[in-house]
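Colleague: need a 3D model of the sequence below.
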Amino acid sequence: MAPIGLLRRGLVTVIVAIGVTALGAPAALANDDHGGAPGAVEYVNMGDSYSAASGVLPPAPGAPPQCLQSLRNWGHVLADRWGYRLTDVSCGAAETRHYTEPQYPGVPPQIEALSASTDVVTMTIGGNDSGVFIGAIQACATAAALTAGTGNPCEEQNGDRFNEAIEDVTYPSLVDALKTVKAAAPNARVAIAGYLQILPEERGCYPVMPVASGDVPYLDDIQATLNDAVRRAAEATGVTYVDVTEASRGHDACRPIGTRWVEPAVGGTNAVVVHPNALGERAMADRAVAELG
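Modeller: Numbering: from 1, shown residues only. Here you go, the predicted model:
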């Protein structure tokens with residue numbers, strides 16, 4: 001959802017910020033690997049860490065190392081499944097502004113991967129804008145430490161400010177970004193996914209996810225606001241919205257290994273915490289197939 005630095009280890013460490021049948025390991029397509037059959041569909045995967053699958057091993061050969069792009073992200077899964085010719089420019093910590101400006105030295109604006117010959121575009125984006133969603137998780141983790149995981153200290157301290165920032169800043173930025181993508185790839189089918197559920201709707205799992213019990217529904221509501229902003233921006237720009245909310249209920253970071261699609265802050269299997277694992281990336285690909293197929 002949104003890359004950024006590491007929640008202090010064991011507590012406030014969210015690294016990099018913020019998309020039907022099980023698949024085997026994806027084919028070894030590199031970041032700019034023009035694989036696929038001659039005349040294959042030209043496919044570009046863009047966006048942030050949820051598209052890049054930051055923290056999922058192995059890393060994608062040829063990708064900028066600072067982008068933490070995985071060979072098992074949903075773009076590679078989709079390209080392998082459909083035989084698409086993949087160009088993957090997804091990058092952990094990307095914001096909507098990184099579509100039109102460099103994110104790091106040597107990492108060009110993502111929009112440069114698009115052209116009139118692009119056939120399909122997928123992405124997750126928006127979770128890092130203004131640091132709102134990562135900021136909410138960090139604020140709630142800090143607040144939970146002060147109350148030993150009880151009450152709703154994060155909500156009491158922050159009120160509606162995160163939801164207001166999503167409405168006032170993130171939503172219009174998403175609309176602008178999607179318009180830019182459509183203009184750069186006028187012949188492409190463009191899809192944007194929401195973010196997999198991080199927490200249950202009500203009961204959490206402190207300290208595995210360091211959020212106070214009463215703040216679990218508060219954070220869930222912020223994520224719902226973010227996903228709705230993504231949905232509305234897609235609708236406003238004629239882009240396909242890949243809804244992952246209901247599919248990912250029951251697969252949040254509080255679930256055991258093999259069930260969860262998002263790794264927790266403590267005791268997870270990915271180097272990048274509070275982000276999708278390989279199962280989550282495959283689930284995102286499944287939802288994309290349902291929407292685009």
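Colleague: residues near Gly62, how many?
Modeller: Gly62 is surrounded by 12 other residues when neighbours are defined as other Cβ atoms under 10 Å. The way it works is simple: take the backbone N, C-alpha and C, and place the C-beta from them, glycine included.
Colleague: tell me how far it lies from Pro186.
Modeller: Look at Gly62 and Pro186: by Cβ to Cβ, to the nearest Å, they are 27 Å apart.
Colleague: the residue positioned nearest the centre of the chain: which element?
Modeller: The centre of the chain sits closest to Tyr50, judged by Cα atoms, centre = their mean, with a distance of 2.5 Å. In this structure, Tyr50 sits in helix 49-52 according to DSSP states H and E.
Colleague: could you point out which element follows that helix?
Modeller: Past helix 49-52, further along toward the C-terminus, the next helix or strand under DSSP H and E is helix 74-82.
Colleague: got any ranges where the stretch 51-200 of the chain has weak pLDDT?
Modeller: Low-confidence segments of the stretch 51-200 of the chain, defined by pLDDT under 70, are absent.
Colleague: where do the strands sit along it?
Modeller: When secondary structure is read from DSSP state E, counting those that start in this stretch, the stretch 51-200 of the chain shows strands at 85-88, 120-123, 189-193.
Colleague: quick one: the closest residue to the residue nearest to the centre of the chain other than its chain neighbours from Ala290, how far?
Modeller: Closest residue to Tyr50 apart from its sequence neighbours, by Cβ to Cβ, 6 or more residues apart in numbering: Thr124 at 4.0 Å. Thr124 sits 16 Å away from Ala290, going by Cβ to Cβ.
Colleague: just confirm the residue nearest to Tyr50 contacts Ile192, I think it does.
Modeller: Yes: Thr124 lies in contact with Ile192 (Cβ atoms under 8 Å); the separation is 6.9 Å.
Colleague: common neighbours of these two, please.
Modeller: Contact criterion Cβ atoms under 8 Å, 6 or more residues apart in numbering; residues shared by Thr124 and Ile192: Gly47.
Colleague: all the helices of the stretch 151-293 of the chain, in order from the start?
Modeller: Counting by DSSP state H, counting those that start in this stretch, the stretch 151-293 of the chain has helices at residues 153-158, 161-165, 171-184, 216-237, 245-248, 278-292.
Colleague: I'd like to know which of these is closest to Glu95.
Modeller: When the helices of the stretch 151-293 of the chain are compared by Cβ to Cβ, helix 171-184 sits nearest Glu95, at 7.9 Å.
Colleague: to Val266, which of the helices of the stretch 151-293 of the chain lies closest?
Modeller: Among those, the nearest to Val266 by Cβ to Cβ is helix 216-237 (15.6 Å).
Colleague: for that closest one, what is the distance to the chain centroid?
Modeller: A distance of 13 Å separates the centroid of the chain from that of helix 216-237, by Cα atoms, centre = their mean, to the nearest Å.
Colleague: not counting its own residues, what contacts it?
Modeller: If you take Cβ under 8 Å, 6+ apart as the criterion, helix 216-237 is touched by 1, 126-127, 132-133, 136-137, 140, 152, 154-155, 162-163, 166-167, 170-171, 174-175, 178-179, 182, 192-195, 197-204, 211, 239-241, 243, 245.
Colleague: buried only: go through the residues you listed for me.
Modeller: Buried subset of these (neighbour count, 16 or more other Cβ atoms under 10 Å): 1, 126-127, 132-133, 136-137, 140, 152, 154-155, 162-163, 166, 170-171, 174-175, 178, 182, 192-195, 197-200, 204, 211, 239-241, 243, 245.
Colleague: more neighbours, Thr124 and Ala290?
Modeller: A count of neighbours by other Cβ under 10 Å puts Thr124 above the other of Thr124 and Ala290, at 30 against 12.
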